[in-house]
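Participant: the following block contains a protein sequence and its predicted model.
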Amino acid sequence: MPYKDPNNFNALTVALMLVLAAWGGTVNYLTRIKRGTVHMFSFIELLGEMCISCFSGVLVYLIGASYNVPPLLLAAMVGVAGHAGGRTAFYLETVFNSKLDTLTKTIQKNEPKN
């Protein structure tokens with residue numbers, strides 16, 4: 001399907017998704033400062049939070065695009081994934097590892113025995 005081909009993604013849409021994800025990470029960082037979890041503003045820490053958020057946002061964007069999620073819902077999902085940051089990446093890692101384990105067990109079960 002042409003929509004799922006990354007070469008057909010609109011650059012403006014991808015840029016918007018990155019901005020939404022980074023914005024979510026910024027909100028998360030500022031919320032932690034307000035709560036007192038982070039005692040002092042650090043630009044480097046904010047930049048790191050934004051990088052993790054963009055990574056999580058891109059993953060959710062690609063997954064959502066592959067499932068043809070409507071664009072406005074996908075934008076919201078990317079923003080939330082950016083806000084969750086590393087927790088999103090950890091959750092996706094857990095899901096993928098579970099799927100991989102299931103696939104591996106299925107393959108081993110169906111292998112011919114010598």
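Facilitator: Sure, I can see it.
Participant: CA atoms for contacts and neighbours, from now on please.
Facilitator: OK.
Participant: so how far is V14 from the residue sitting nearest the centre point of the chain?
Facilitator: Central residue of the chain (CA atoms, centre = their mean): S56, 2.4 Å from the mean position. Remark: distance between S56 and V14 (CA to CA, to the nearest Å) = 13 Å.
Participant: number of residues surrounding the spatially closest residue to G64 that is not a sequence neighbour?
Facilitator: Nearest residue to G64, sequence neighbours excluded (CA to CA, 6 or more residues apart in numbering): L74, at 6.2 Å. Neighbours of L74 under the rule other CA atoms under 10 Å: 20.
Participant: now do the same contact list for L74.
Facilitator: 61, 64-65 (CA atoms under 8 Å, 6 or more residues apart in numbering).
Participant: so which of these is the most crowded?
Facilitator: Tallying neighbours with other CA under 10 Å puts Y61 at the head of the contacts of L74, with 24 neighbours.
Participant: ok, the residue lying closest to that residue once chain neighbours are set aside to K34 distance?
Facilitator: Closest residue to Y61 apart from its sequence neighbours, by CA to CA, 6+ apart: V78 at 6.1 Å. Distance, V78 to K34, by CA to CA: 23 Å.
Participant: settle it for me: which of these two has more neighbours?
Facilitator: Ranked by neighbour count (other CA under 10 Å), V78 and K34 place V78 first, with 30 against 11.
Participant: quick one: low-confidence ranges for the chain?
Facilitator: For the chain, applying pLDDT under 70 flags the ranges 1-9, 114.
Participant: which SSE is K105 in?
Facilitator: Secondary-structure assignment from DSSP states H and E places K105 in helix 86-110.
Participant: an error on my part: the question was meant for G82.
Facilitator: Using DSSP H and E, G82 sits in helix 71-84.
Participant: the inter-axis angle of that helix versus helix 86-110?
Facilitator: 100 degrees (axes from the mean of the first three to the mean of the last three CA atoms, to 10 degrees).
Participant: how about helix 71-84 as CSV, C-alpha atoms only?
Facilitator: Extracted C-alpha coordinates of helix 71-84, given in CSV (Å, rounded to 0.1, in the frame of the first residue of the first chain):
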residue,chain,number,x,y,z
PRO,A,71,-4.2,11.5,11.2
LEU,A,72,-5.7,13.5,14.0
LEU,A,73,-5.7,10.5,16.3
LEU,A,74,-2.2,9.6,15.3
ALA,A,75,-1.1,13.2,16.1
ALA,A,76,-2.6,12.8,19.6
MET,A,77,-0.9,9.5,20.0
VAL,A,78,2.5,10.9,19.0
GLY,A,79,2.1,13.7,21.5
VAL,A,80,1.2,11.4,24.4
ALA,A,81,4.1,9.1,23.4
GLY,A,82,6.4,12.1,23.4
HIS,A,83,5.2,13.0,26.9
ALA,A,84,5.7,9.5,28.1
